[in-house]
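Participant: Next one to model:
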Amino acid sequence: MKYFDLNGEKISRLGFGCMRFKTIDGDNGKIDKKASSKDILEAIDNGLTYIDTAYPYHDGKSEKFIGEFLEENKLRDKIKLTTKLPCWLVKERGDFYKLLNEQLENLRTDHLDFYLLHSLDVKRFRQVVELGVLDFLTEIKEKGIVKHVGFSFHDEYPAFEEIIKAYDWDFCQIQLNYLDVDYQAGLKGYELAKEMGIPVVIMEPVKGGRLANPPEELRNMLKDFTDLSPAQEALKFPLSLDNVMTVLSGMNDIDQVRENLEMASTTDYNSLAKEDEDFYEKARAIYKSRERIGCTACEYCLPCTVDINIPKVFGLWNKAYLYDEADKSRKEYKDYLEEGVSPTECIECGKCEGICPQNLEIIKGLKEADEYLA
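Facilitator: Model (predicted):
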């Protein structure tokens, strides 16, 4: 495992994202603890030191599972534990400490190594600033409750510039992969953070798993110059950036863990070959020409007011185009409609669009997806 030096602390280049654990019976709130524990132990045994969870992950069960796991395996002191303040739940100043104390209890610890303001856009940031969040962050650092404070970002670049310049952040977290170089903060935001001396954590390096299963055209291109899998080639992109502290991966299979560990153990900073860069450029053009909607299946939009499984619908719509699976997607959509709620039941309340980190036009997208898939 290669490491990032954060003022003398060793941070593994690969971080374990705790939003996509294997589940039981397809229920996001029922984590397969045995399988997930095995995956995490494999990663830690091979040098991973960074674990990233959050208050809402797995219907609020992720933090509790990680707390149990670390306590039972006596691993708390061996890893850097990260979670995030659910800013959308803060209504008054006292909520900052109320939520933090609940998270510490969930995680069975008296301190956090990294703590982020979760899923910031400029509106949400200004709201929590008005409630005193910056003073709160300073206080919890001074008290030793949290060692490093940062934010995870989901908005356009101007908002990123406002937020990153508003406080003396220890790190920040952005979405970045070889497709999303101009999306949200993008490479421009990465470069600004580097210029300011603020290390970056990368989320969605494989775009919710989508880059692990590219169109056949891209698979053939890869075979011409590398033995890496599509997922590994995707992970190589952010791992090569020299101001990236760690790259998060939501691993839920032991083979994924091992593949990603291999990349984080062999990829050096500034190591992209011309063949890699050419592949990324061509891949961007191919994907962008085929994608219908930029959903990463983060499930922030759930639960839907009328229980439409929005990520499921968009996933089938995208797969039909991205992977030439129209018939398969339509069959799966028909199966979904037998038990799930149709997009035609959407009441256009707008709740999903207000919380979507990707700022998608979900209402319009649901109509178009249904028209195509049905």
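Participant: got the contact list for Glu71?
Facilitator: Arg108 (CB atoms under 8 Å, 6 or more residues apart in numbering). Quick note: C-beta positions are derived from backbone N, CA and C, even for glycine.
Participant: Dump the C-alpha coordinates for stretch 47-61 into PDB.
Facilitator: Extracted in PDB, the C-alpha atoms of stretch 47-61 (Å, rounded to 0.1, in the frame of the first residue of the first chain):
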ATOM      1  CA  GLY A  47      -2.400  -1.700   4.600                       C
ATOM      2  CA  LEU A  48      -5.700   0.300   4.200                       C
ATOM      3  CA  THR A  49      -6.000   2.800   7.000                       C
ATOM      4  CA  TYR A  50      -8.900   5.100   6.000                       C
ATOM      5  CA  ILE A  51     -12.500   4.200   6.500                       C
ATOM      6  CA  ASP A  52     -15.300   6.600   5.400                       C
ATOM      7  CA  THR A  53     -18.900   6.400   6.500                       C
ATOM      8  CA  ALA A  54     -21.700   8.800   7.000                       C
ATOM      9  CA  TYR A  55     -24.900   9.300   9.100                       C
ATOM     10  CA  PRO A  56     -27.400   8.300   6.300                       C
ATOM     11  CA  TYR A  57     -25.500   5.400   4.700                       C
ATOM     12  CA  HIS A  58     -27.500   2.100   4.600                       C
ATOM     13  CA  ASP A  59     -30.600   3.700   6.100                       C
ATOM     14  CA  GLY A  60     -28.600   4.900   9.100                       C
ATOM     15  CA  LYS A  61     -27.000   1.500   9.800                       C
END
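Participant: residues of whichever helix in the chain runs longest that come out buried?
Facilitator: Ranked by residue count and defined by DSSP state H, the top helix of the chain is helix 274-290. Residues of helix 274-290 classed as buried by neighbour count (16 or more other CB atoms under 10 Å): 276, 279-280, 283, 286-287.
Participant: Also stretch 239-259?
Facilitator: Here stretch 239-259 shows 239-241, 243-252, 256-257, 259 as buried, counting by 16+ other CB under 10 Å.
Participant: Now intersect those residues with the helices, please.
Facilitator: In this view, the buried residues of stretch 239-259 that belong to helices under DSSP H are 239, 256-257, 259.
Participant: did I read that right, Leu211 in a helix?
Facilitator: Yes. Judged by DSSP: H, G, I helix; E, B strand; the rest coil, Leu211 forms part of a helix.
Participant: How about it: what's its closest non-neighbour residue?
Facilitator: In space, and not counting its chain neighbours, Leu211 is closest to Ala234: 4.0 Å by CB to CB, 6 or more residues apart in numbering.
Participant: now do Ile40
Facilitator: Phe16 (6.0 Å).
Participant: I'd like the average pLDDT over the helix or strand where the one you found lies.
Facilitator: For Phe16, the host element (DSSP states H and E) is strand 14-17. Strand 14-17 carries an average pLDDT of 98.
Participant: Same question for stretch 61-80.
Facilitator: According to the model, stretch 61-80 has a mean pLDDT of 98.
Participant: same check, this time on stretch 92-103
Facilitator: Rounded mean pLDDT across stretch 92-103 is 98.
Participant: that older thread, mind giving me the packing neighbours of the strand holding Phe16?
Facilitator: When contacts are defined as 3 or more CB pairs under 8 Å, 6 or more residues apart in numbering; DSSP states H and E, strand 14-17 packs onto helix 33-45, strand 50-52, strand 244-249, helix 254-266.
Participant: Can you give the contact residues for the helix or strand following it?
Facilitator: Once strand 14-17 ends, the next helix or strand along the chain (criterion: DSSP H and E) is strand 23-24. Here strand 23-24 makes contact (CB under 8 Å, 6+ apart) with 29-32, 58.
Participant: One more pass at 10 Å, please.
Facilitator: Identification of contacts with strand 23-24 by CB atoms under 10 Å, 6 or more residues apart in numbering yields 29-36, 58-59, 61, 252.
Participant: now swap in stretch 89-102 and tell me
Facilitator: Residues outside stretch 89-102 that contact it (CB under 10 Å, 6+ apart) are 55-56, 63, 83-87, 112, 115, 117-118, 124, 127-128, 130-133, 135-137, 139-140, 145-146.
Participant: Using CSV, write out every CA atom in that stretch.
Facilitator: This file holds the C-alpha atoms of stretch 89-102, laid out as CSV (Å, rounded to 0.1, in the frame of the first residue of the first chain):
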residue,chain,number,x,y,z
LEU,A,89,-30.8,17.9,9.6
VAL,A,90,-29.4,21.0,11.4
LYS,A,91,-32.1,23.4,12.3
GLU,A,92,-30.4,25.2,15.2
ARG,A,93,-26.9,25.5,16.6
GLY,A,94,-27.5,22.9,19.3
ASP,A,95,-28.0,20.3,16.5
PHE,A,96,-24.3,20.4,15.7
TYR,A,97,-23.3,18.8,19.0
LYS,A,98,-26.4,16.6,19.2
LEU,A,99,-25.7,15.0,15.9
LEU,A,100,-22.0,14.7,16.5
ASN,A,101,-22.6,13.0,19.9
GLU,A,102,-25.0,10.6,18.3
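Participant: residues contacting Leu70?
Facilitator: Listed by CB under 10 Å, 6+ apart, the contact set of Leu70 reads 40, 44, 51, 76-79, 81, 107-109.
Participant: right, and the pair among the buried residues of stretch 239-259 with maximum separation?
Facilitator: Spatial extent of the buried residues of stretch 239-259 (CB to CB) is set by the pair Asn243 and Asn252 at 28.2 Å.
Participant: Where do the strands of this structure begin and end?
Facilitator: 3-6, 9-12, 14-17, 23-24, 27-31, 50-52, 80-85, 112-120, 146-153, 172-175, 200-203, 244-249 (DSSP state E).
Participant: For Gly350, find the nearest of those strands.
Facilitator: Smallest distance to Gly350 across these (CB to CB): 17.3 Å, for strand 112-120.
Participant: Check the offset of the closest one from the chain's centre.
Facilitator: Computed by CA atoms, centre = their mean, to the nearest Å, the chain-centroid distance of strand 112-120 equals 13 Å.
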